[in-house]
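Colleague: Got a sequence here, can you model it:
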Amino acid sequence: MKKVVVGMSGGVDSSAAAWLLKEQGYDVIGVTMQIWNEEASEEEDGGCCGLSAVEDARRVAETIGIPHYVMNFREIFRNNVIDYFTREYLAGRTPNPCIACNRYVKWEALLNRSLEIGADYIATGHYARVIRLPNGRYTIEQSVTAAKDQSYALYNLTQHQLAHTLMPVGDYHKNEIRDMAAKAGLPVASKPDSQEICFIPDHDYASFVAEYTGKTMPPGNFVDSSGRILGRHRGITHYTVGQRKGLGITFGKPMFVLEIRPEANEVVLGEGNEVFGDTLICSQVNFMAIEKLEEERHVTAKIRYSHSGADCMIRPGKDGQVECRFDEPVRAITPGQAVVFYEDNHVLGGGTIIGRR
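Modeller: Residues are numbered from 1 along each chain as shown. Here you go, the predicted model:
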């Protein structure tokens, strides 16, 4: 009997994943990862990082009839997620902490510890599927439900990690998972989904960065594309490319953040048409379906989690970078965010956006 460690966040998806694998005959062990504020109260610390997650996961494990353990990954989470998140914001970029958490905490750290205790696989409640292609490589296939698909946030996993990963929830729609959980008597069947970044439940990223790092970014100038001063901003950590609301200044017409220039402490604003671009450059590229990109390739790319995807041509660039030219301009190409390339509904690869042309 194959042994699988299921990362149980206390939510309905990971709980259903554990139940499904138990039904499929696996030897299932539930693990909840402690990754954030040790002193926070249940109300202050919600989502998959919350203290309530441990109790909910324990109740689910008891219902299913599987062992449940808590593992401490706080230092790994702080080093690979929080430090990265704050460092990127201070540099004028917009990071995606969930991608970093998936790569370095939920997979690298949890998988290594699971293999050490004799497990064959780890499993999560992500809406995605692991497949093996005819060329022998593993990749992530999109979920059966586009509305919940989470493949974008998983593009950075390695071949070793994918070979030891199960994602049973990816074959179902969300309503099917909730119905399944309810019929199985799981106590979290109707628990709401967590929407926020788990360590910033109030969405005030700038305040979190200032408190965590002790660095308060100074005010500076709003400028237009030609460098003309338009007004004053509150500090670059308050802004992201594409932002329209919350600028703190009115112009009599909609204005959007086009670029953040940390070296000059400037935030560039422009009108709606200026926020579109047709070419981006990405680095830190991870290819799944192929070993490397050797020639031009026409694919579909997503430039943020909520992006529906756009057709583009990708080509190898210098120093391992990839250039991505879209067939039609796309809105708000944002440095720090991931761009993920798809072919035939599976992940070809992806990287971190470093700029647009």
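
Colleague: Leaving out sequence neighbours, find the closest residue to Val60.
Modeller: Ser15 (4.3 Å; CB to CB, 6 or more residues apart in numbering). Using the backbone N, CA and C atoms, a C-beta is placed for each residue, glycine as well.

Colleague: ok, now Glu323?
Modeller: Going by CB to CB, 6+ apart, Glu323 has Gly317 as its nearest residue, at 4.8 Å.

Colleague: Look at the one you found and report its pLDDT.
Modeller: At Gly317, the pLDDT value in this model is 94.

Colleague: and it, how many neighbours does it have?
Modeller: 15 (other CB atoms under 10 Å).

Colleague: Show me how far the helix or strand harbouring Val347 is from its chain's centre.
Modeller: Using DSSP states H and E, Val347 sits in strand 346-356. In terms of CA atoms, centre = their mean, to the nearest Å, the centre of strand 346-356 is found 13 Å from the chain centre.

Colleague: avg pLDDT for it?
Modeller: 97.

Colleague: For that strand, list the C-alpha coordinates in PDB.
Modeller: C-alpha atoms of strand 346-356 as PDB (Å, rounded to 0.1, in the frame of the first residue of the first chain):
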ATOM      1  CA  HIS A 346      -0.900  21.800 -19.500                       C
ATOM      2  CA  VAL A 347       1.900  24.000 -18.200                       C
ATOM      3  CA  LEU A 348       4.900  24.300 -20.500                       C
ATOM      4  CA  GLY A 349       6.800  26.400 -18.100                       C
ATOM      5  CA  GLY A 350       6.900  29.900 -16.600                       C
ATOM      6  CA  GLY A 351       9.100  32.600 -15.100                       C
ATOM      7  CA  THR A 352       9.200  35.900 -13.200                       C
ATOM      8  CA  ILE A 353       8.300  39.000 -15.200                       C
ATOM      9  CA  ILE A 354      11.200  41.500 -15.100                       C
ATOM     10  CA  GLY A 355       9.900  44.100 -17.500                       C
ATOM     11  CA  ARG A 356       8.100  45.000 -20.700                       C
END
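
Colleague: which element is Pro192 on?
Modeller: Counting by DSSP H and E, Pro192 is part of no helix or strand.

Colleague: Quick check: it vs Ala310, distance?
Modeller: 31 Å (CB to CB, to the nearest Å).

Colleague: Comparing these two, which shows the higher neighbour count?
Modeller: Counted by other CB under 10 Å, Pro192 and Ala310 do not tie: Ala310 has more neighbours, with 18 against 8.

Colleague: partners of the more buried one in the sheet?
Modeller: Ala301 (DSSP bridges).

Colleague: Who are the contact partners of it?
Modeller: 300-303, 326-328, 330 (CB atoms under 8 Å, 6 or more residues apart in numbering).

Colleague: Ile354 now?
Modeller: 281-283, 321, 335.

Colleague: what about 10 Å?
Modeller: 93, 280-284, 321, 335-336 (CB atoms under 10 Å, 6 or more residues apart in numbering).

Colleague: who wins for most neighbours among the residues you listed?
Modeller: Cys282 (28 neighbours).

Colleague: helices or strands up against the helix or strand encompassing that residue?
Modeller: Using DSSP H and E, Cys282 falls within strand 276-287. Counting contacts by 3 or more CB pairs under 10 Å, 6 or more residues apart in numbering; DSSP states H and E, strand 276-287 packs against strand 256-261, strand 310-316, strand 322-331, strand 338-343, strand 346-356.

Colleague: now these as TSV including distance to Thr86?
Modeller: Listed next are these as TSV, based on distance: least, CB to CB, whole Å:
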stretch	distance to Thr86
strand 256-261	15
strand 310-316	30
strand 322-331	26
strand 338-343	18
strand 346-356	16
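
Colleague: For burial, what's the neighbour tally of Gly242?
Modeller: 16.

Colleague: go on, Gly214?
Modeller: For Gly214, using other CB under 10 Å, the count is 7.

Colleague: For it, give me the pLDDT.
Modeller: The per-residue pLDDT of Gly214 was computed as 96.

Colleague: measure it to Ile249 for me?
Modeller: Applying CB to CB to Gly214 and Ile249 gives a distance of 28 Å.

Colleague: Same check on Val12?
Modeller: Relative to Ile249, and taking CB to CB, Val12 is found at 43 Å.

Colleague: who has more neighbours, these two?
Modeller: Neighbours were counted for Val12 and for Ile249 using other CB under 10 Å; Val12 has more, 26 against 12.

Colleague: if I pick the more buried one, what's in contact with it?
Modeller: 56, 60, 125, 169, 174, 177-178, 180-182, 186-193.

Colleague: buried stuff in the longest helix anywhere in the chain?
Modeller: Counting residues, the longest helix in the chain under DSSP state H turns out to be helix 51-64. Applying a neighbour-count criterion of 16 or more other CB atoms under 10 Å, the buried positions in helix 51-64 are 51, 53-54, 56-61, 63-64.

Colleague: For it, the averaged confidence score.
Modeller: pLDDT averaged over helix 51-64 gives 90.

Colleague: Okay, buried residues for the helix or strand following it please.
Modeller: Counting by DSSP H and E, the next helix or strand C-terminal to helix 51-64 is strand 68-72. Buried residues in strand 68-72, counted by 16+ other CB under 10 Å: His68.
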